[in-house]
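Colleague: predicted model follows, preceded by the sequence.
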Amino acid sequence: MNKGLVSGLVLLSLGLLCGILLSVVNHFTAPKIKEVEDAIKYEALSGFYTLADYDISEVEGTGDFGTIFILNAKGTEDIQAIVYTVRAQGYSDSQKVEMLIAVNSDLSVENYQVVSHSETTGFGADIVDNDFNVLKIDDLSGFDAVAGVTKTSNAIKACFTLVSERIAADLGGGLSE
């Protein structure tokens, strides 16, 4: 038998075995990873609002939007705030900058927090807790970028821009469509 054919079959078998093992590991770890990610998001949410004061529902976003949290006044359908999980490409190619941006029904920005990134330590990673001077989601003219970390600043501004382009439709009932 041809040695090349035998080697090819061995490599194919090893590849299939590794693929199956990876699939099994992912099956067991994916729910735990999602649980940890959700815990981080709810911890950030509780820093923005007193969660016991609201009925909270979740909608899964599309594209660069992850989970969207809708905060209604207790026992009503009145939307008091919407908190977006949104992502944009920063300097790192391996992971987008992911933020939670909390917007009140009057379009004021309650708060925001970067929840995950892989930006460079000493540069982009160090600016994620900055105050970017965004007070109203429909007015990003005062956005304060940080000199020297243009790509990370642009990613954070892109997150705010995505939310500003979407918020009016969502407050007008777009989330339930």
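Modeller: Looks like it arrived, so ask away. Numbers count the residues shown, from 1 in each chain.

Colleague: would you map the helices across the protein?
Modeller: 3-48, 150-171 (DSSP state H).

Colleague: comparing the ones you listed, which yields the minimum mean pLDDT?
Modeller: When the helices of the chain are ranked by mean pLDDT, helix 3-48 comes last with a mean of 82.

Colleague: and the helices of the chain, which is most packed in?
Modeller: helix 150-171 (a mean of 19; mean count of other CB atoms under 10 Å). C-betas here are computed from N, CA, C, even on glycine.

Colleague: and the helices of the chain: which comes nearest N72?
Modeller: helix 150-171 (11.9 Å; CB to CB).

Colleague: run through who's touching the closest one.
Modeller: Contacting residues not belonging to helix 150-171 are listed as 64-65, 68, 79, 82, 84, 86-91, 96-97, 99, 101, 103, 105, 107, 112, 114, 117, 119, 123-125, 127-128, 132, 134, 137-138, 140, 143, 145-146, 174 [CB atoms under 8 Å, 6 or more residues apart in numbering].

Colleague: could you rerun that using 6 Å?
Modeller: 64, 82, 84, 86, 88-91, 97, 99, 101, 103, 119, 124, 127, 134, 137-138, 140, 143, 145-146 (CB atoms under 6 Å, 6 or more residues apart in numbering).

Colleague: in JSON lines, list the helices of the chain along with distance to V59.
Modeller: Listed next are the helices of the chain as JSON lines, based on distance: least, CB to CB, whole Å:
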{"stretch": "helix 3-48", "distance to V59": "13"}
{"stretch": "helix 150-171", "distance to V59": "9"}
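
Colleague: of all those, which one is nearest E60?
Modeller: Here helix 3-48 is closest among the helices of the chain (CB to CB), at 11.5 Å.

Colleague: roughly how far out does that closest one sit from the chain middle?
Modeller: Distance of helix 3-48 from the chain centroid (CA atoms, centre = their mean, to the nearest Å) equals 20 Å.

Colleague: helices and strands around that helix, which ones?
Modeller: Contacts defined by 3 or more CB pairs under 6 Å, 6 or more residues apart in numbering; DSSP states H and E place helix 3-48 against strand 109-116.
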